[in-house]
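Asks: sequence? don't have it. structure:
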């Protein structure tokens, strides 16, 4: 499906495709090719292997057999298509649910076989969905890196050479036809280690189409596409300008795949990708640097784009690991280590966080639901990688810190994987629910990171160990007994019990509330486990929750009242109080509001809508002429509301709960489920009105 989306015109049909080859003794054999695709320049041969569940598996024999078959298959291709067709053959071994060992990856690399897992397939599917057939340029650039493109040989353009910021640059004009073939965009979603840092977001399809339409209507771009040539470039000087460091001459354009990295302007370039052939020979203005370090590429990208709406904050958060690596400023140093750690945890096949962190441009799912900013915040709060001291401004090492930042990264990666693998295995079904559960969410991960840090400190105090002197595996082993009460609880608890125990309010206070609830479980077994802030939380949590619930009920009422009457004013207008006379059709509601207003001094009297009861709002918005207008905000289904035309029972419950703070008694108190309901309604009302 991927190669079909990439526009390969010739492919195998069905699963049972084989290629007739000959042995040295002219004996005919048939070699398997699970996927075969050909275009005018390349052939792709793919063998595949999958497993029903994630597992380690030796691929040695498969790779050896594939390597032995490459020569005969190449000869068969030449024989079938004729010697005039000299394609570049891409050999791929694709797997699903198989953890590649390091020796197998090295074996594949030595034999020029490309290892492709489901992660890379997902990435290229996304690229294909965004770019269609133009994605083939990205695909070929990845697998034919540094191979020459014969038809681009000896392409020369007039150019200016000079310096910007002490770096050599070239200014010239070339065609999209040439640039598309040699260009490469290292997206965050692929995060090729060899190309780090990867700073670009995935291309926006709608934006690319708009650019294409603009070009078809005669539009052009007066701004430069900014690129970086990855190899030395030939420039023949014709004339030097006097008084300035500028030369005029002829530039020999690169003729290799992935030889030109796009720093800025990917949408402008790929806007041509869907257009007719005649548009590919238009002119594009280009500024190119030569062998610019990748870190400087990323800094240039951020400098150009950081004020623009098109670069999301999440991407800049993700980039911190590249831009600030090695910083001497403690906050930047911890941020960079955290960002890079999240990246490697997300790529650790078979480990707890594999494929769980959303990448910029890839749609989130229930499975892939963790975000870089939230994960980083959890690491910062935990102090596992160290802390930034305010006075003096120093870096204080954490329990997972190593002798260098790179050693910290390796040590933390190992320890965190082991710790969270134990959590995942304690209740795999809950873990797999992702954001639909209570184990693998942004809030819970932050809480468990803080718990891990507290357990380490507790272990050090109880056992006399210094975490800095222990191996990562030893640290996890030593805290295991203290973590066990939580694991036992998670293993045995039903889903509804987990929800009741760990459903917390949204916002910055959620992770800490979740963390203290975990601490309470540990304390039930280890009474002297009293991490910082826990005792205060235990004594204050009930009052705090009640105050929050009271405040949120008031906010819901005030927000809904304002929203309803703002809308009625839009519909009926304010002249002669039309919004009130026409919008509120129930005479009893009007009479009740009027009578209440009479209890207030004339000079303090407000408009009549301010004297309504909450339950009156329900009657107003449910009236026949208004329901469709108010339905998007007020139609909030609750469990058991199936098949109901108007899901507004929640308003009746809110009205009942309002009486608790209005008329508090010894017996009249919120129940646990009331807190969760109020949190839910508060969030829903805010979200829907916004």
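Replies: Structure's in. What do you need? Here the structure is a predicted model, which is why all the values come from computation and not from measurement.
Asks: The closest residue to residue 257 other than its chain neighbours: what's it in contact with?
Replies: Excluding the flanking residues, the one nearest residue 257 by CB to CB, 6 or more residues apart in numbering is residue 144, at 4.2 Å. (Glycine included, C-beta is placed from N, CA and C.) By CB atoms under 8 Å, 6 or more residues apart in numbering, residue 144 lies in contact with 42, 88, 90, 257-258.
Asks: at 10 Å what do you get?
Replies: Under the criterion of CB atoms under 10 Å, 6 or more residues apart in numbering, the neighbours of residue 144 are 41-42, 88-90, 256-258.
Asks: what do you get for residue 68?
Replies: By CB under 10 Å, 6+ apart, the neighbours of residue 68 are 31, 111.
Asks: Just say helix, strand or coil for it.
Replies: helix (DSSP: H, G, I helix; E, B strand; the rest coil).
Asks: how far away is it from residue 57?
Replies: Distance, residue 68 to residue 57, using CB to CB, to the nearest Å: 20 Å.
Asks: repeat for residue 614
Replies: 61 Å.
Asks: do residue 681 as well
Replies: 49 Å.
Asks: Go ahead and list the helix or strand containing residue 137.
Replies: Assigned by DSSP states H and E, residue 137 falls within helix 135-143.
Asks: I'd like the distance from that helix to the chain centre, please.
Replies: On the basis of CA atoms, centre = their mean, to the nearest Å, helix 135-143 sits 22 Å off its chain's mean C-alpha point.
Asks: Given the next helix or strand after it, what are its sheet partners and their directions?
Replies: For helix 135-143, the succeeding helix or strand toward the C-terminus, using DSSP H and E, is strand 156-164. Looking at strand 156-164 with DSSP bridges, its partner strands are strand 167-174 (antiparallel), strand 247-252 (antiparallel).
Asks: Kindly present those strands as TSV, with separate columns for distance to residue 492, mean pLDDT and mean neighbour count.
Replies: Shown next, in TSV, are the strands paired with strand 156-164 (distance: least, CB to CB, whole Å; pLDDT from 0 to 100; neighbours: other CB atoms under 10 Å):
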stretch	distance to residue 492	mean pLDDT	mean neighbour count
strand 167-174	61	91	18
strand 247-252	69	93	16
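Asks: And the ones you listed: which comes nearest residue 573?
Replies: strand 167-174 (58.6 Å; CB to CB).
Asks: Just confirm residue 627 contacts residue 634, I think it does.
Replies: Yes: counting by CB atoms under 10 Å, residue 627 does reach residue 634; the two are 8.4 Å apart.
Asks: of these two, who's got more company?
Replies: Neighbours per residue (other CB atoms under 10 Å) separate residue 627 from residue 634, with residue 634 holding more: 23 against 15.
Asks: Give me the distance between the closest residue to that one other than its chain neighbours and residue 584.
Replies: Of all residues not flanking residue 634 in the chain, residue 621 sits nearest, at 5.3 Å (CB to CB, 6+ apart). For residue 621, the distance to residue 584 equals 11 Å [CB to CB].
Asks: likewise residue 681?
Replies: 23 Å.
Asks: Over to residue 486?
Replies: Between residue 486 and residue 584 the distance, using CB to CB, works out to 53 Å.
Asks: what residues are shared contacts of residue 621 and residue 584?
Replies: 564, 568.
Asks: Name the helix or strand for residue 686, please.
Replies: Judged by DSSP H and E, residue 686 forms part of helix 672-689.
Asks: Which elements pack onto that helix?
Replies: helix 495-502, helix 534-572, helix 627-634, helix 649-662 (3 or more CB pairs under 10 Å, 6 or more residues apart in numbering; DSSP states H and E).
Asks: which parts of it are buried?
Replies: By 16 or more other CB atoms under 10 Å, the buried positions in helix 672-689 come out as 674-675, 677-682, 685.
Asks: quick one: that helix to chain centroid distance?
Replies: 26 Å.
Asks: pLDDT on it, on average?
Replies: For helix 672-689, mean pLDDT rounds to 87.
Asks: do the same with stretch 285-297
Replies: Mean predicted lDDT for stretch 285-297 stands at 80.
Asks: i'd like the first residue to be 334 from this point on
Replies: All right, first residue 334 from here; so that's stretch 618-630.
Asks: the domain parsing of the protein - what is it?
Replies: For the chain, automatic domain parsing gives the domain ranges 335-449, 483-644, 648-865, 880-1022.
Asks: Need the winner for burial among those.
Replies: domain 648-865 (a mean of 18; mean count of other CB atoms under 10 Å).
Asks: Work out for me the element residue 440 sits within.
Replies: helix 435-443.
Asks: Now the element after that helix, going C-ward?
Replies: With secondary structure assigned by DSSP H and E, helix 435-443 is succeeded by strand 447-449.
Asks: Who are the packing partners of the following helix or strand past that following strand?
Replies: Following strand 447-449 in sequence order, the next helix or strand is helix 451-464 (DSSP H and E). For helix 451-464, the elements it packs on are helix 335-338, strand 421-432, strand 447-449, helix 468-476, helix 538-549, judged by 3+ CB pairs under 10 Å, 6+ apart.
Asks: For residue 705, see how far away residue 366 is.
Replies: According to CB to CB, residue 366 and residue 705 sit 39 Å apart.
Asks: so where's the stretch 484-633 of the chain uncertain?
Replies: With pLDDT under 70 as the threshold, the stretch 484-633 of the chain has low-confidence stretches at 519-539, 627-633.
Asks: just the strands in it please.
Replies: 489-497, 500-507, 516-517, 558-562, 567-573, 580-585, 593-597, 617-623 (DSSP state E, counting those that start in this stretch).
Asks: So which of the ones you listed is nearest residue 362?
Replies: Per CB to CB, nearest to residue 362 of the strands of the stretch 484-633 of the chain: strand 516-517, 37.5 Å.
Asks: which other helices and strands contact the closest one?
Replies: Using 3+ CB pairs under 10 Å, 6+ apart, strand 516-517 sits against helix 468-476, strand 558-562, strand 593-597, helix 599-603.
Asks: after the worst-scoring helix or strand of the chain on mean pLDDT, next one along is what?
Replies: Using mean pLDDT, DSSP states H and E, helix 646-656 stands out as the lowest-scoring helix or strand of the chain, at a mean of 54. Where DSSP H and E defines the elements, the next helix or strand beyond helix 646-656 is helix 663-680.
Asks: how much space between residue 927 and residue 723?
Replies: In terms of CB to CB, residue 927 sits 59 Å off from residue 723.
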